[in-house]
Structures are given as structure tokens and as C-alpha cells.
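> Kindly generate the corresponding structure for this input.
(chains A, B, C and D)
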Number of protein chains: 2
Amino acid sequence: MDIQTTNALRLLQAGDELRAKLSGEFSAIHGISVNEYFLLLHLEKSARNRLARVELAKRMHVSASTVTRMAAPLEKIGLLGREVDERDARLSYVVLTKAGKTKLIEAQATFTKRAGYTFQDRWTEEELSKLSELLGRLVAGTAGNLT
Amino acid sequence: MDIQTTNALRLLQAGDELRAKLSGEFSAIHGISVNEYFLLLHLEKSARNRLARVELAKRMHVSASTVTRMAAPLEKIGLLGREVDERDARLSYVVLTKAGKTKLIEAQATFTKRAGYTFQDRWTEEELSKLSELLGRLVAGTAGNLT
DNA sequence: GCAATAAGCTTGCAGATGCAATGATATTGC
DNA sequence: GCAATATCATTGCATCTGCAAGCTTATTGC
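Model prediction:
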């Protein structure tokens, strides 16, 4: 197996494992899923804390219908709002509310804690920095880079 | 944001993006999903090309019921077989068949091609090697390391 | 201007997945 | 040996997701 294939496999496996661990913690502690956390995070990183649904779908690698259905309950509990575009009545923005920001901050603590566990053993600053640089290159081209 | 959190975010985002690209190719070309590909891969890496369902579930980070339901159609089309344990009648092994191996080899070509695209631009051998080492550490402790 | 096309969002439907309950078999405590 | 407990696999149910169709609104071609 060539090294590129090895890297692709390890990337997917490492990501899956981290996601699995986060998944339990997020639903138990915060009542939102990892995907919902990412949705909030994308909005927080965006101008005016809002994004058109199509754009959000692209950044999250999900379909437009999934965005519609993910946003509905979050809007219901006040974490998200809805805005319309003045010039284009087709566009419907998803907006992060103040309550949404609060929830996001809480969830970020859990995320950071889990990240700490993941890299706590025998990782030097230099290694963390090198990994960040290499992974950074992989996500550099994407529209929805959260880092 | 600390560097550990940055790395965790980038790991998840890079994994998601690669998975999204693989997803379309796999279903279109081979008629199996990325998850089904991983199922075949886990079996191929195992002794006697077989695993108990519970063990397969752990390695894939899915529930036991998902293994039952993923294996059923693959068994129906002949990619997987079923074996029982002589000593423990509760155990039901999932076995990779010859047709399954053939399908796996086909799918591996697609995976390797996508891995090549992912790392084709300005990645030196040294960088690929370093990334492999760092990601390797993340997946080292897991029971189902595919590399 | 108006018809044709495109784009954004939502909804119906089908497939995938997890949790909890169930049934079958093993193991343990006594 | 037998009852209590644990383990493995499956199934019912609820949830999440994508695709295709449909509705609304913009844009384009003429």
C-alpha cells in the first residue's frame, strides 16, 4: 500500500474515532449532536453570524434538505434565527442567536477537553505544530475552513 | 483557540471532505458505500478473513444492529458469508468471500486514486511520511487499525 | 415585457443508523 | 445442578439523511 493511501485511511479512521467519542459527550452534556455543533460553529465564523442555507450545506458536506431539517428544531429552541435577503427573496439565512452563541461556548469547552485528551500522551509542541501545518494544508482550499 | 483544538477540528474537517468525495465515487463506480468498503477492508485484514459481528461493530464505530443490517445485503449478493462458532453458538462470524475479495480489490483502486488526488499537489515524500507518522500515532491504540 | 431557464428552499419518500427490547446461548455463584 | 447474570445477534421504533419533485423567485434570451 502506498503512503498516500495509508494517509487517507488513517485520516478517515482517526476522524471517525474522534467523532465517535465526541458524539456521546455532546448528546449527553449539551443535548446537541456533533453535526449541530458544527452548524453553530460555521455560523459563528461567518460574517454577521449568518449563512444562506445553500452555503451552509456546502460547507458542512450535507444536502440542502438536511440543513432545512437540522435548522428547524434548533430554531424552535431559540439557538437559531431566520432572516430573508432584501434583494433576493429566494434566500433564507440561518442566523446564530445570542442563545446559540451561549450554547456554542458551552459546547466548545467539551470539544476542547476532548481534543486535550486526544493529544495528551507524548505529543510535543513541535509535533502538534507539524500536524496542524499538514492538516491545515488539507483543509486550506475548502470554503468552510473553521480554523 | 489552542493548537490541540485546532488539530481536532482540522482532523474532522479533512476527514469529512475526503469521505464526501469518496462517497460519490464509490456508489457510482462500485455500487457499495464507503462504509461497506470499510467493512470489507476490516475483514480482509483479519485472520481467516472473518470477524464476529460484535468485534466488527467496535472496529467500525457502529452499533451491532448496523452490522447486522449492513451485512445482510452484502451477503445476499455474495460478497460476504456467514459462519458459526463451534464452541459458542451465540457467535456469528461475517466472512469475506472470494467475490468479496474481488470487489474489494476493485474498490481499492478507486480509493488509491482518490488518495493520490488528495495528496498530489506540493506534498513531498518527507511531508507524507511525517503525516503518516503523526496520524499513525492517533490510530495506533485502536483495535481496528487498517494500516 | 414575456417565455424559458436557473437557483434556493421545502417536502415526500426511501435508505441508513442507534437505542431498547427480545430471544438464544454461556458463564458465574452457590 | 440450577438460578441469576452476562453476552451475542436480531428486530421494532424513532431519528437522520439524500434524492427527486415541486414551489417560489431571479435571471436570461429574444
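
> Centroid-nearest residue for chain A?
Chain A has A:Phe38 as the residue nearest its centroid, 2.4 Å off, counting by C-alpha atoms, centre = their mean.

> Just confirm that residue contacts A:Val62, I think it does.
No. If you go by C-beta atoms under 8 Å, A:Phe38 and A:Val62 don't touch, sitting 9.7 Å apart. Any C-beta I mention is one placed from the backbone N, CA and C, and that applies to glycine too.

> So for the nearest residue to the residue nearest to the centre of chain A once chain neighbours are set aside, what's the pLDDT?
In this structure, A:Phe38 finds its nearest non-sequential neighbour in A:Met60, 6.2 Å apart by C-beta to C-beta, 6 or more residues apart in numbering or on different chains. What the model reports as pLDDT for A:Met60 is 97.

> now do A:Arg19
A:Arg19 is assigned a predicted lDDT (pLDDT) of 97.

> what's the burial count for it?
Using other C-beta atoms under 10 Å in any protein chain shown, A:Arg19 has 18 other residues around it.

> any idea how far chain B is from it?
Applying C-beta to the nearest C-beta, to the nearest Å, the value for A:Arg19 to chain B is 6 Å.

> give me the element that residue is part of.
Counting by DSSP states H and E, the element that carries A:Arg19 is helix A:3-30.

> sorry, back to before: does DNA strand C have contacts with the helix or strand that contains the residue nearest to the centre of chain A?
Here A:Phe38 sits within helix A:34-44, counting by DSSP H and E. No. Using C-beta under 7 Å from any atom of the strand, helix A:34-44 stays clear of DNA strand C, coming no nearer than 11.9 Å.

> any chance you could map the helices in chain A?
All helices of chain A, identified by DSSP state H, fall at A:3-30, A:34-44, A:53-60, A:64-76, A:98-118, A:125-139.

> Within range of DNA strand D, give me the residues from chain A.
A:33, A:35, A:61-66, A:69-70, A:73, A:87-90.
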